[in-house]
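Colleague: Okay, predicted coordinates and the sequence, questions at the end:
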Amino acid sequence: MPLTLAAMLVYYDGNCRLETVMRLALFFFLTILTACAVREQVDFVQGPPAPGAILRPVLVATTRSPDPNQPVPGWERSFDVSYGRYTVSIPPNRELGEVPRPREHSPALPEEHFMLASAEVLSELQFQGAVRANLAQLPAAEREAVIFVHGFNTAFIEGVYRTAQFANDLRIPGVLMHYSWPSLGAPLAYAHDRDSALFARDGLIQMLQQVRAAGPRRIIVMAHSMGSHLVMEALRQMALTHDPTMASIGGVFLISPDVDVQLFRQQVEAIGTLPEPFVIITSQRDRVLTLSARLTGETARLGNIPDATPVEGLNVTLLDVSAFSRGGGHFTVGSSPALIGLLDQMQSVNTALSDEASGSLPLLPATILTLQNSTQIILQPLTDSGARRVIPWWLRPGSASAATTTE
């Protein structure tokens, strides 16, 4: 979310001096000038990968035009959807949630930094074939297509790296894909990015149609920040046009969604029956969304609502990760080592369920609340001795309830 000069002037209330506001604007502008080259720079592994490095392929669809200076898409918008396959080299010995990149004027090292091992342009038919081939390599029950949509202020390579990191650290099963829309990758370009997200709706729908044609068991869509607005608009458009691809979407996860709450309710009304599960990951410590709400004259955005009241009756689940948020708190589910560890334990529990010899299920620290067909799960760190313990919500029989057990 940008701290634009115009927004600063609108909210200037006399308690701070105008020259201070101007100084802040200049600071952010200079920060952008020094950071952009590093953020968009693509580094390729030369020679064999580093010992212990993980090579993670990511299939990508994008409405970005080619970058004239690099063999990857750039910043400009394209009316055509292009496809590619990018193999990400994930360095060993990094902390969960981190995406280490080289500092400016420093070389990229495969043993320390995220890099690309390969990049390949695909045609539409080749993309569909690659999805089908990757699905065929999985057990029948795991033939799912997982699409991650990035958020505001994101360079192409940042979205690809984040997709690989997110899926690797959370051990997300299925065939991993990324939809890259033409964000300008600049903190002061919020209005541009919002328009670009809307511009990219048709491209996302086209990607979903190609993925459906490859025959996955279901499609899972995960979106971050402004990417959530893009996903909701695409779902709305598909519902209104009776696109059969909607039936293939078997889950939606909105991570820190930068979406107006009333607009979200209107989008849901147009969509009708939402894909299940439909999860909204929230944090009341999300400073980015706090600023976004202030700049738009609201009390909260969808990603930092305090409880389920604003979305009651919509058959959605809020996953509140406020207790894990640090810093900006805008991508807690993918950047907090403690939360990643907790979610990994939940996945282990899920795996244990399928083992007939498994014993009692471990209880996890959470409180479950319900309000008119919407559910809120408030997660707590495992070290919090005062937290209530419940069986993970998706493992409970029937619909989630407010019943909890204490240690």
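Modeller: Arrived safely.

Colleague: tally of neighbours for residue 200?
Modeller: Around residue 200 there are 27 other residues, counting by other C-beta atoms under 10 Å. In this view, the C-beta of every residue, glycine as well, is placed from N, C-alpha and C.

Colleague: With the one 3 residues further on instead?
Modeller: Burial measure for residue 203: 25 neighbouring residues, criterion other C-beta under 10 Å.

Colleague: Surely it is in a helix?
Modeller: Yes. Counting by DSSP: H, G, I helix; E, B strand; the rest coil, residue 203 is located in a helix.

Colleague: show me the contacts for it.
Modeller: Residues near residue 203 by C-beta atoms under 8 Å, 6 or more residues apart in numbering: 61-63, 81, 179, 181.

Colleague: repeat that for 7 Å
Modeller: Contacts for residue 203 (C-beta atoms under 7 Å, 6 or more residues apart in numbering) come out as 61, 63, 81.

Colleague: Can you pull the poorly scored residue ranges out of this protein?
Modeller: 1-37, 344-364, 382-407 (pLDDT under 70).

Colleague: which residues of it fall in strands?
Modeller: All strands of the chain, identified by DSSP state E, fall at 54-66, 73-90, 115-122, 144-149, 175-180, 218-224, 249-255, 278-282, 317-320, 364-371, 374-379, 389-390.

Colleague: mind giving me TSV with those strands and columns for mean neighbour count?
Modeller: Formatted as TSV, these follow (neighbours: other C-beta atoms under 10 Å):
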stretch	mean neighbour count
strand 54-66	20
strand 73-90	19
strand 115-122	17
strand 144-149	25
strand 175-180	27
strand 218-224	24
strand 249-255	22
strand 278-282	25
strand 317-320	23
strand 364-371	18
strand 374-379	23
strand 389-390	18
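
Colleague: quick one, which of the ones you listed is nearest to residue 303?
Modeller: strand 278-282 (5.4 Å; C-beta to C-beta).

Colleague: Return the distance of the closest residue in space to residue 210 that isn't next to it in sequence relative to residue 245.
Modeller: Spatially, and ignoring its direct neighbours in sequence, residue 210 is nearest to residue 128 (5.0 Å; C-beta to C-beta, 6 or more residues apart in numbering). According to C-beta to C-beta, to the nearest Å, residue 128 and residue 245 sit 13 Å apart.

Colleague: Hmm, residue 271 and residue 239 touching each other?
Modeller: Yes. With contact defined as C-beta atoms under 7 Å, residue 239 reaches residue 271; the gap is 4.4 Å.

Colleague: okay, the strands of the chain in JSON lines with distance to residue 206 next?
Modeller: Output for the strands of the chain, formatted as JSON lines (distance: least, C-beta to C-beta, whole Å):
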{"stretch": "strand 54-66", "distance to residue 206": "8"}
{"stretch": "strand 73-90", "distance to residue 206": "5"}
{"stretch": "strand 115-122", "distance to residue 206": "14"}
{"stretch": "strand 144-149", "distance to residue 206": "12"}
{"stretch": "strand 175-180", "distance to residue 206": "10"}
{"stretch": "strand 218-224", "distance to residue 206": "14"}
{"stretch": "strand 249-255", "distance to residue 206": "15"}
{"stretch": "strand 278-282", "distance to residue 206": "23"}
{"stretch": "strand 317-320", "distance to residue 206": "29"}
{"stretch": "strand 364-371", "distance to residue 206": "37"}
{"stretch": "strand 374-379", "distance to residue 206": "32"}
{"stretch": "strand 389-390", "distance to residue 206": "41"}
